[in-house]
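Colleague: Predicted coordinates and the sequence they were generated for:
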Amino acid sequence: MPDIQTLDIASIGHLYRGHHQWLVGWLRRRLGCPHHAADLAHDTFARVLLRRDALHCQPDPGGGKALLSTIAHGLMVDHLRRTALERAFLEALSQLSDAHVPSIEEQQMMLQTLVEVDRLLRGLPAKVQQAFLLSQIDGLSYAQIASELGVSLSSVQQYMTRAFGACFQAWQGPALQ
């Protein structure tokens, strides 16, 4: 009997040969850029390689396209969010005087931090996200946030505890989660 690892690689190779062109076209129609489409198609197959067991859940021939489009859609959404975040960041930088513009290295670190905070916040409920942003970006007090969101002060405290807990877990890394 063949090694299961061999079957996985063969299945992935078959999936790649059978659907790579289709996936690039699917992404190109949605993104409007052949270069980004090719990059995201590559990233999609890299994810498939990391999740080899997912192939065993796809018994029908159309399952390959379903798996690929699901993974690619998530990557495309992430790409579009990051692009919008980068655009907003660059717009904010353009408002600064030359004396206050951070170095390129600092800009990259700031942008990476923004991307991570955005990813972290997306995993939280909307009110928790709003409370965190109103506190940390707008500088509102918990009482002001409660008034803005139409909730009690204790709810805002719970929201902030949850948001800061998520930040702490992200900061600690996967070893403690």
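Modeller: Great, that's in hand.

Colleague: Now do the strand or helix carrying H20: distance to the chain's middle.
Modeller: Using DSSP states H and E, H20 sits within helix 4-31. Relative to its parent chain, helix 4-31 has a centroid offset of 22 Å by CA atoms, centre = their mean, to the nearest Å.

Colleague: Mean confidence (pLDDT) on that helix, please.
Modeller: If you average the pLDDT over helix 4-31, you get 83.

Colleague: list the buried ones in that helix?
Modeller: Neighbour counts over helix 4-31 (16 or more other CB atoms under 10 Å) mark 8, 11, 15-16, 19-20, 23-24, 26-28, 31 as buried. C-beta: built from backbone N, CA, C; applies to glycine.

Colleague: State the next helix or strand along the chain beyond the least confident helix or strand in the chain by mean pLDDT.
Modeller: Across the helices and strands of the chain, mean confidence by mean pLDDT, DSSP states H and E is lowest for helix 4-31: a mean of 83. Sequence order places helix 34-50 as the next helix or strand after helix 4-31, per DSSP H and E.

Colleague: tilt between that next one and helix 4-31?
Modeller: Taking axes from the mean of the first three to the mean of the last three CA atoms, to 10 degrees, one finds helix 34-50 and helix 4-31 inclined to each other by 150 degrees.

Colleague: Tell me which helix or strand comes right after helix 34-50.
Modeller: Downstream of helix 34-50, the first helix or strand assigned by DSSP H and E is helix 63-94.

Colleague: Distance from that following helix to the middle of the chain?
Modeller: Using CA atoms, centre = their mean, the offset of helix 63-94 from its chain centre is 7 Å.

Colleague: neighbours of Q95, just the number please.
Modeller: If you count neighbours by other CB atoms under 10 Å, Q95 ends up with 8.

Colleague: residue closest to the middle of the protein?
Modeller: Nearest residue to the geometric centre of the chain (CA atoms, centre = their mean): D78, 4.2 Å.
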